[in-house]
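**Student:** how does the following fold in three dimensions:
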Amino acid sequence: MRNRRDFIKTVAGATTGALLAGKAFAGSSFQGASSAPAVAGKRREVSIGGRRVKVVDIHAHCVIPEVADVVKGTPFEANAGGRARGPMVMGPDRLRMIDDMGIDVQVLSMNGFWFYAAERDLAAKIVKLQDEKMSEWCAAHPDRYAALSSVALQFPDLAAEQLEYAVKKLGARGACVGGHVEGEDISMPKYDPFWAKAQELGVVVFMHPQSAENVIKKDGLKGKGDLGNIIGNPLETTVFLTRMIF
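**Tutor:** Next up, the predicted model:
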């Protein structure tokens, strides 16, 4: 019978292979993990069982500041402008940060999914700009970054087109989606065009929850303790996966 360590090693290797298109993941025993101390100007290296391993961060948010110009004068202006700052903006500081953390490759994705409320033409412009800017950054640093498309899932047919364009033309490795679309369950048949395209392309779909606002009463987890993250996100993920399974 396979033990938990073997299972984790298999899953980690398969997931990384799918994302990095065959780039090697140096497997080893999950005992004796260590990492060399960070040195200014030098990438921190992580070792497991005395062997150097490639560290892949699939949960790597980013923002594209140029999106603020696309949504200027719309109800989404605050969503784009308010997020376009700090470490999530792509630049030299981001490279230094992942060097210090010992991360070899980050798989970039959008987070927030505020554009799920946009009408079709605006959503198309937002996603196209986000995907193309992520692609430019990944092309400039192909050994350090990969990208997941930020499809407009509220229009499943458009999302399928966006995913295909991002994968075939921009080099994206899959898509990042929310656990729901404005409260709507994305395992519903209307979303089949998107899921079918992901299956056809054989790519990863990474789901990021949004504090389970589709599951519990709005603001029900407000207050001290970061409960939207600690309780809400695992709850939304559980409901999402269960509905997909059934």
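
**Student:** top helix in this protein by residue count?
**Tutor:** helix 120-140 (DSSP state H).

**Student:** A140: neighbour count?
**Tutor:** 10 (other CB atoms under 10 Å). Glycine gets a C-beta too; all of them are placed from N, C-alpha and C.

**Student:** the one 5 residues further on too?
**Tutor:** Using other CB under 10 Å, Y145 has 22 neighbouring residues.

**Student:** for it, which residues are in contact?
**Tutor:** V105, Q106, V107, L108, W137, C138 (CB atoms under 8 Å, 6 or more residues apart in numbering).

**Student:** is it true that the fourth one touches S135?
**Tutor:** Put plainly, it is L108. No - with contact defined as CB atoms under 8 Å, L108 does not reach S135; the gap is 9.7 Å.

**Student:** show me which of the two is the more surrounded one.
**Tutor:** Neighbour count, other CB under 10 Å: between L108 and S135, L108 has more, with 27 against 19.

**Student:** give the buried residues for the helix or strand where V205 lies.
**Tutor:** V205 is part of strand 204-208, with elements assigned from DSSP states H and E. Of all the residues in strand 204-208, those buried under the rule 16 or more other CB atoms under 10 Å are V204, V205, M207, H208.

**Student:** then stretch 51-67?
**Tutor:** V53, V55, V56, I58, A60, C62, V63, I64, P65, V67.

**Student:** alpha carbons only: can I get stretch 187-195 in CSV?
**Tutor:** The C-alpha coordinates for stretch 187-195 follow below in CSV (Å, rounded to 0.1, in the frame of the first residue of the first chain):
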residue,chain,number,x,y,z
SER,A,187,-20.3,23.3,-11.9
MET,A,188,-23.7,24.3,-13.6
PRO,A,189,-24.1,23.0,-17.2
LYS,A,190,-23.8,26.6,-18.5
TYR,A,191,-20.1,26.5,-17.6
ASP,A,192,-19.4,23.3,-19.6
PRO,A,193,-17.9,25.2,-22.6
PHE,A,194,-15.1,26.4,-20.3
TRP,A,195,-14.5,23.1,-18.6
